[in-house]
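[1] Return atomic coordinates for the entry below.
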Amino acid sequence: MSEGKQGGKEDYYAVVSIHSIVEDKKAYGIDPIQSFTLGLKLIEQLTREKRIGGDEAVVPGASWKIEAILD
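    All right, here's what the predicted structure looks like:
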């Protein structure tokens, strides 16, 4: 899950949580779009080894599913 927030003047961050991997990790950016993008990049990096098929099966530009869960 990646959730955008503003922590103060010009202080944007995305809160990233991945079940059993990371909880409430902040990815800071200069605007909401950049912080969200950095949050997604963090999700991609942290879940790379857990994807089906391994590194040899990963195709550049291939899509993968991100599921947002609302509390």
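
[2] And the helix ranked longest in the chain, what's buried?
    With secondary structure taken from DSSP state H, the chain has its longest helix at helix 32-47. The neighbour-count criterion (16 or more other Cβ atoms under 10 Å) identifies 35-36, 38-39, 42-43 as the buried residues of helix 32-47. (Each C-beta comes from the backbone N, C-alpha and C, glycine too.)

[3] low-scoring stretches of this protein, by residue?
    1-10, 51-71 (pLDDT under 70).

[4] May I have the residues that are in contact with the closest residue to T37 other than its chain neighbours?
    Of all residues not flanking T37 in the chain, G29 sits nearest, at 7.2 Å (Cβ to Cβ, 6 or more residues apart in numbering). Taking Cβ atoms under 8 Å, 6 or more residues apart in numbering, we find G29 in contact with 12-14, 35-38.

[5] The same query, at a cut-off of 6 Å, please.
    With contact set as Cβ atoms under 6 Å, 6 or more residues apart in numbering, G29 has these partners: 12, 35, 38.

[6] Okay, now the sheet partners of the host helix or strand of A14, with direction.
    When secondary structure is defined by DSSP states H and E, A14 falls within strand 11-18. Based on DSSP bridges, the strands next to strand 11-18 in the sheet, each with its direction, are strand 2-8 (antiparallel), strand 22-29 (antiparallel).

[7] So L46 sits against E23, correct?
    No - the pair L46 and E23 fails to qualify as a contact (Cβ atoms under 6 Å) at a distance of 11.6 Å.

[8] burial measure for V15, as a count.
    With neighbours defined by other Cβ atoms under 10 Å, the count for V15 comes to 16.

[9] give me the beta-bridge partners of it?
    Beta-bridge partners for V15, by DSSP bridges, are E3, K26.

[10] ok, of the contacts of G29, which one's closest to H19?
    Here the nearest of those to H19, counting by Cβ to Cβ, is L38; it sits at 20.0 Å.

[11] how close does the closest one get to L46?
    Summarising the geometry, the distance separating L38 from L46, computed by Cβ to Cβ, to the nearest Å, is 13 Å.
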